[in-house]
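[1] with the input below, show me the fold.
(chains A and B)
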Amino acid sequence: DAGVIQSPRHEVTEMGQEVTLRCKPISGHNSLFWYRQTMMRGLELLIYFNNNVPIDDSGMPEDRFSAKMPNASFSTLKIQPSEPRDSAVYFCASSPELPRAQYFGPGTRLLVL
Amino acid sequence: GQQLNQSPQSMFIQEGEDVSMNCTSSSIFNTWLWYKQEPGEGPVLLIALYKAGELTSNGRLTAQFGITRKDSFLNISASIPSDVGIYFCAGLGGATNKLIFGTGTLLAVQP
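    Residues are numbered from 1 along each chain as shown, chains lettered A, B, ... in the order given. A predicted model of the protein is given here:
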């Protein structure tokens, strides 16, 4: 079975540009999570969806970040405008139901110059 | 954000040795999870625990959900070089459905 799929795997952009990260959860999973990982702060939950509905976005750093889940098989995390401090690894994870184990994708490594 | 207390921070061992690491929390959790992360990859789920006192094995890995629901441990028996990575515990509980992660244990195995 395919795991969580994320694209792109690497992204290098300049400050001020828009960045869109994409995620395809495991088929049949009802919950989707976006995380950010940095050396300083570890893994931080940004937002999660249940049945395509955003449930908790309290971890979203600021208004420059937005996330959507238009259907059960696709989600995006957008940063506009991007800043150097947004450089991190962004993970998407999905879960068959709450509260159950979450399965992570390979991540998108974002570098904002 | 909130993190669980995980120890040790790092371990440098010889191939064939057994390894033990643990996580503690001041909060009660309903689920404990153990993940392994290798460089350039996402965390991979190793073991999921859903009941206090539960002891679960996955090959050479064994994990337990503490009776108090505030702790969990992971043991790796007869370590091999491919066990190298960072191991994270994670707790899930309460109404938030948010995973709280441990600070990680870096494991290095000398062949």
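
[2] isn't B:Q6 right up against B:T105?
    Yes. Counting by C-beta atoms under 8 Å, B:Q6 touches B:T105, with 5.9 Å between them. (Glycine included, C-beta is placed from N, CA and C.)

[3] spatially nearest residue to the spatially most central residue of chain A, not counting backbone neighbours?
    Geometric centre of chain A, nearest residue: A:W34, 3.3 Å, by C-alpha atoms, centre = their mean. The shortest distance from A:W34 to any non-neighbouring residue, by C-beta to C-beta, 6 or more residues apart in numbering or on different chains, is to A:L46 (4.4 Å).

[4] now name the helix or strand holding the residue nearest to the centre of chain A.
    Using DSSP states H and E, A:W34 maps to strand A:31-38.

[5] strand partners of the helix or strand that contains A:L110, parallel vs antiparallel please.
    Using DSSP H and E, A:L110 sits within strand A:108-112. If you go by DSSP bridges, strand A:108-112 pairs up with strand A:10-13 (parallel), strand A:88-95 (antiparallel).

[6] joint contacts of B:Q6 and B:T105?
    Here B:Q6 and B:T105 have B:21, B:88 as joint contacts, going by C-beta atoms under 8 Å, 6 or more residues apart in numbering or on different chains.

[7] can you pull the pLDDT of A:G42?
    With respect to pLDDT, A:G42 scores 87.

[8] do B:S27 as well
    Per the predicted model, pLDDT is 88 at B:S27.

[9] look up how far chain A lies from it.
    Look at B:S27 and chain A: by C-beta to the nearest C-beta, to the nearest Å, they are 14 Å apart.
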